[in-house]
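> got a sequence here, can you build the structure:
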Amino acid sequence: MDVYTRTLRFNHNPLNLFLKTERKKGLRIGYMEAALEGFYLNSIETGMHPQKLSDLLLEKFYCNDTEAVTGLFQFLINEGDRVSYQIMLPYLLSASNIHEFEEIIRKRFFGIERFIRQGKNLYNFVKYTEERRDPIIWINDLERGIVGWDMGLLVGLVRSALGSGYITKEEAWRYIEQANTLCADVLHTPGEIDKSFLIGKAMKSEKIEDWDRFLSCYSRLDKYRK
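Residues are numbered from 1 along each chain as shown. Presented below is the predicted three-dimensional model:
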């Protein structure tokens, strides 16, 4: 969905004035995911038809009921892509080139094609941003990890599950507040959250056209980081 390339759907929801700080911060974690999917940014409601949300959950994540979505939520809370990222990153940073990284990983681990694929994607994405110089991905950005990616995805999925009728609003807020808690120890600004999401999202694809979409979304969210 390319809605975000034309406009960001910022919903000036008056109810947000009465939300707890933790809930507002939790919603902010999901801005990158919301923008990429064309959801409203600052509301737990997505602005999308329930059937479209159900289709999204089924087609992208194979979830079609409450048990499936809550199982996915727990995976993101407990592990997500953070575990493989944390294992992979030291080898990626210490290798002089991507071929050395691949050789090290193949010798060190068994059945590790996912690490190699995501490591290559991340390596090439960082090189791509170095050429663009917008944004600059620093070493400390990489070291902060991708909890922003896992939790941003979680917030988006929770909102979709709520809109699909799989969970209640109170259940949705509990997951969103949990996402905020998990991010808070590592990511301290909206910029750090969005960059963490960007890094995690980009390493899932090897296509430059996908990277350009993610970078465009990241850039367009700049005014919401103030």
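> on the three-state scheme, the closest residue to Ile176 other than its chain neighbours is what?
Excluding the flanking residues, the one nearest Ile176 by C-beta to C-beta, 6 or more residues apart in numbering is Gly26, at 3.7 Å. (C-beta placed from N, C-alpha, C; glycine too.) On the three-state scheme (DSSP: H, G, I helix; E, B strand; the rest coil), Gly26 is labelled helix.
> and if you look at Lys204?
coil.
> export the helix or strand bottoming out on mean pLDDT in the chain as CSV, just CAs?
Ranking every helix and strand in the chain by mean pLDDT, DSSP states H and E puts helix 98-108 at the bottom, with a mean of 90. Coordinates of each C-alpha in helix 98-108 appear next as CSV, following Å, rounded to 0.1, in the frame of the first residue of the first chain:
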residue,chain,number,x,y,z
ILE,A,98,30.1,-9.4,3.0
HIS,A,99,31.8,-12.5,1.7
GLU,A,100,33.9,-12.8,4.8
PHE,A,101,30.8,-12.4,6.9
GLU,A,102,29.1,-15.2,5.0
GLU,A,103,32.1,-17.5,5.4
ILE,A,104,32.3,-16.9,9.1
ILE,A,105,28.6,-17.5,9.6
ARG,A,106,28.7,-20.7,7.6
LYS,A,107,31.6,-22.1,9.7
ARG,A,108,30.1,-20.9,13.0
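> against which helices or strands is the single longest helix found in the chain packed?
Longest helix in the chain by number of residues (criterion: DSSP state H): helix 113-132. If contacts are counted by 3 or more C-beta pairs under 8 Å, 6 or more residues apart in numbering; DSSP states H and E, helix 113-132 sits against helix 82-94, helix 98-108, helix 190-202, helix 208-220.
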